[in-house]
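1. test case, fold it:
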Amino acid sequence: TMPKEPAVLRQNILDTTAAILACGIDPKKCFLFRQSLVPEHAELAWILGCLTNVPRLLRLPQWKMKRASQNSEGTVGLLTYPVLQAADILLYKSTCVPVGEDQVLHLELAQDIAQHFNKKYGEFFPVPKAILSEL
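-> Numbers count the residues shown, from 1 in each chain. I've put the predicted structure just below:
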């Protein structure tokens, strides 16, 4: 949600990919891709954003904390980031999502969005469950 220098962003992508591979992720056994190259993420985020009310997003504690750190000038990208996260989860019809305690409310938003979508348009998205890490 913060502007980045293009060269730094490209290097960060390469560094992150290298770190993932160094951790032992085998690209022959799993899909490794750059999410920003999949337009369906942004397209689904737009659709889900049209089903999500602003007051719900404004109540998320992460929004309140980040906005406070930005002198009350939070951006639309920051406000709608949880909807993008929901699209990331729902696009692949995920049923279980590993999350930290700080992301539980965002996953609950994804659950609510899935239920709202399914109620309006018929059963389509599974309602994802949280897998909480003890670490």
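2. quick one, domains of this protein?
-> By the assignment in the TED database, the chain contains the domains 1-32, 37-132.
3. could I get those in TSV, plus columns for mean pLDDT and mean neighbour count?
-> C-beta coordinates here come from the backbone N, C-alpha and C atoms, glycine included. Formatted as TSV, the domains of the chain follow (pLDDT from 0 to 100; neighbours: other C-beta atoms under 10 Å):
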stretch	mean pLDDT	mean neighbour count
domain 1-32	92	10
domain 37-132	92	15
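4. quickly find the element holding Met65.
-> helix 61-69 (DSSP states H and E).
5. and that helix, what does it pack against?
-> Packed against helix 61-69 by the contact rule (3 or more C-beta pairs under 8 Å, 6 or more residues apart in numbering; DSSP states H and E) you find helix 76-91, helix 104-121.
6. can we see that at 10 Å?
-> In this structure, helix 61-69 makes packing contacts with helix 54-58, helix 76-91, helix 104-121, judged by 3 or more C-beta pairs under 10 Å, 6 or more residues apart in numbering; DSSP states H and E.
7. can you list contacts of the helix or strand just after the longest one?
-> Using DSSP H and E, the helix or strand that follows helix 104-121 towards the C-terminus is strand 129-132. By C-beta atoms under 10 Å, 6 or more residues apart in numbering, the list of residues contacting strand 129-132 from outside reads 94-101, 103-104, 107-108, 110-111.
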